[in-house]
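one predicted model, sequence on top.
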Amino acid sequence: MTLPDWATELITLYESNALNQFILHGSVSDRMVLPLPDGKHALGNLQQFLLDVLMPRFDVVLSYDLGAGVRVERGGPTFTKWPGFKESEPLPKAPRPAVEFLTRYFNYAANLAKLGRGNLQVGCVINSAHLLAPAVPGSISYDLNALALLMRDWSADEFLDGHALATFLVTENLNDLHPLLVNNARASHLRLPLPTADDLQKAVPLVLGDDASAVAGLDGGVETLAQNLTGASLHSVEDLLKTRQYRKQQITQADLVRLKKQLIERDANGLIEFMESKRTLDDLHGQEKVKQWLRQDFALWRQNDLAAMPMGYLLCGPVGTGKTFMVECLAGEAGVPVVKLKNFRDKWVGSTESNLEKVFRLLHALGRCFVFVDEADQALGKRDVGPNDSGVSGRVYGMIAEEMSNTKNRGKIVWILASSRPDLIEVDLKRPGRIDVKIPLFPATSPEEAFGLIKALCKKRSLTLNDAVYDEVKGKLPTLLTPGAAETLSVKLYRLTKTENKSPEDALKAVLTDYQNPVPPEVMDFQIALAVREASDLDFVPAVFRGAAGAGGIS
């Protein structure tokens, strides 16, 4: 049988007597493709995989969860020979009695082996282990800590360690599980990833059965569907296919992008958002040096030459200079998904870290993608924070810093941070190896640039400005005009042409008459100076701003 990587590693660790406790985390609640001995496949869940694929020859397999309590999954006649079974009927449901009950049975089986009266191979699956032994930072709950210690001893106790025992602690997120278990050196952490394209290709025919009409409208059929829905859970794909089958609706090529976005955002429970874009760098006004650099990066990316591919970009500059717009242009130019991190912070203890862990799991499943973090100075956390933070910000910082510097992600996950205050982002997060290219964005540097920006934005609204009007308005055109401010001007101009029947030229004169820059001059100067100083290449900085790095209060 061909097994997933995590299962192969688990078997190696167990069979070599290296470890016998396994913390399974990640997509543990998703449907799975179960390999069968005859080379075929079936759909099932993790519990079935553990029982039928990993432990088919175990003498006794037990399970526990808060709802059902202790259950005998296999080997009932053998298990009931234990004298402690009759003493404990019905089998315990409450956490502490259940863990103590399981521990007594493990010791009983180990004693039998020591006495030479049989070597029972015992497996135990603790489902939703985080509900049994939750992570409560700073907890002084002696009962909870004692329970976690008992479970840890299943792997650390020398008496049990020498016995044929395998325990599985199942949790979606490691951050939800008690630290005594997570930090146990005698336990292996095995992450179950979201299904790959190959997994989906095996699963889809099992879902469809004899009726493949739902994918008949796709060029390439099942293979095309699998390639395009990578990143979604198998459960979501199964729901989609069954719904389409019931409604007798075909999935078309035009549906794929929308369906992928819909499925993944649903799986993420609102933690991420896909940014759709039909723009390219051609839609970006000016910034020729920046566009040249980015196009070179994308050319290498398409050729799968990743040695010089940046791990991340920082977009910085005054408010309104079009940082989000540039991300949309990058997305369209590169032709890969752009995932925007939404508010992953939560008021409940430990939930923020769990949310981030889930987000990372989704990103790894997507293949190539951009990860956009807007207002990065606020979102990414700090290394050191005040006493009222309970350490959340520091843990968020550590998790993101580790993920951003993971070289396995090069060419797969590209981070894009955007901020008008890059000085407030931790220096370590901006270092090469996490953020390799820092792109400053600036307002228009001359009346000609300002006029060209307004003219381009008017053209988007089917308004044509005559170049001859430039000489008349040159003195009124604001200096340091940002794309955001120019957008506002073009909207006002359009409104006047529609409501007062003015010509575009007269409307432009009118909107410039009472114009006030929305950003105070001192703020604009300060943020320009920050952007100049952050730039990773001086070619990105217009000549007029190159002396600004020492201005704006920056020493």
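Yes, it's here.

show the contacting residues for Met275.
Going by C-beta atoms under 8 Å, 6 or more residues apart in numbering, Met275 touches 327-328, 331, 338-340, 372. The C-beta positions use only the backbone N, C-alpha and C, and glycine is treated the same way.

ok, 6 Å please
With contact taken as C-beta atoms under 6 Å, 6 or more residues apart in numbering, Met275 is in contact with 338, 340.

do Gly39 as well
If you count contacts by C-beta under 6 Å, 6+ apart, Gly39 has none.

check the one 5 residues further on too.
Listed by C-beta under 6 Å, 6+ apart, the contact partners of Gly44 are 32, 34.

hey, what's it bridged with?
Beta bridges link Gly44 to Met32, judged by DSSP bridges.

tell me where the stretch 51-200 of the chain has strands.
For the stretch 51-200 of the chain, the strands defined by DSSP state E, counting those that start in this stretch cover 60-65, 69-74, 122-126, 165-170, 187-192.

export those to TSV and tack on mean neighbour count and mean pLDDT?
Putting the strands of the stretch 51-200 of the chain into TSV (neighbours: other C-beta atoms under 10 Å; pLDDT from 0 to 100) gives the following:
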stretch	mean neighbour count	mean pLDDT
strand 60-65	22	96
strand 69-74	17	95
strand 122-126	25	96
strand 165-170	24	96
strand 187-192	19	96
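
could those strands go into a markdown table alongside distance to Asp153?
Output for the strands of the stretch 51-200 of the chain, formatted as a markdown table (distance: least, C-beta to C-beta, whole Å):
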| stretch | distance to Asp153 |
| --- | --- |
| strand 60-65 | 16 |
| strand 69-74 | 18 |
| strand 122-126 | 13 |
| strand 165-170 | 10 |
| strand 187-192 | 11 |
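
got the phi and psi for Leu50?
When read as degrees, to the nearest 10, the backbone of Leu50 gives phi -60, psi -40.

then Leu480?
The phi/psi pair for Leu480 (degrees, to the nearest 10) is phi 50, psi 50.

residues touching the closest residue to it other than its chain neighbours, list them.
Closest residue in space to Leu480, ignoring its immediate chain neighbours: Pro443 at 4.2 Å, by C-beta to C-beta, 6 or more residues apart in numbering. Listed by C-beta under 6 Å, 6+ apart, the contact set of Pro443 reads 480-482.

the same query, at a cut-off of 8 Å, please.
Per C-beta under 8 Å, 6+ apart, neighbours of Pro443: 318, 320-321, 480-483, 485, 524, 528.

among these, which lie within strands?
Among those, no member is found in strands (DSSP state E).

and the helix-or-strand element of the chain with minimal mean pLDDT, what does it pack against?
One helix or strand of the chain scores below all others by mean pLDDT, DSSP states H and E: helix 158-161, with a mean of 73. Judged by 3 or more C-beta pairs under 8 Å, 6 or more residues apart in numbering; DSSP states H and E, helix 158-161 is in contact with helix 95-114, helix 142-156.

show me what it is in contact with.
20, 106-107, 110, 153-155, 186.

and stretch 514-523, what's buried?
Buried residues in stretch 514-523, defined by neighbour count with 16 or more other C-beta atoms under 10 Å: 515, 517, 519.

same deal with stretch 76-91?
Buried residues in stretch 76-91, counted by 16+ other C-beta under 10 Å: 79, 82, 85, 88, 91.

in helices only, show me those.
Among the buried residues of stretch 76-91, the residues falling in helices (DSSP state H) are 79, 85.

tell me the least confident of the buried residues of stretch 76-91?
Across the buried residues of stretch 76-91, the smallest pLDDT goes to Ser88, namely 73.

re the thing from before, can you tell me how far the residue nearest to Leu480 sits from Cys316?
When distance is defined by C-beta to C-beta, to the nearest Å, Pro443 is 13 Å away from Cys316.

now do Ala212
For Ala212, the distance to Cys316 (C-beta to C-beta) stands at 50 Å.

likewise Ala133?
Separation of Ala133 from Cys316 (C-beta to C-beta) stands at 44 Å.

before we move on, which element is the residue nearest the centre of the chain in?
The C-alpha lying nearest the average C-alpha coordinate of the chain belongs to Val359 (C-alpha atoms, centre = their mean; 2.8 Å). Val359 is part of helix 351-366 when elements are defined by DSSP states H and E.

surely Val339 is within a strand?
Yes: according to DSSP: H, G, I helix; E, B strand; the rest coil, Val339 belongs to a strand.
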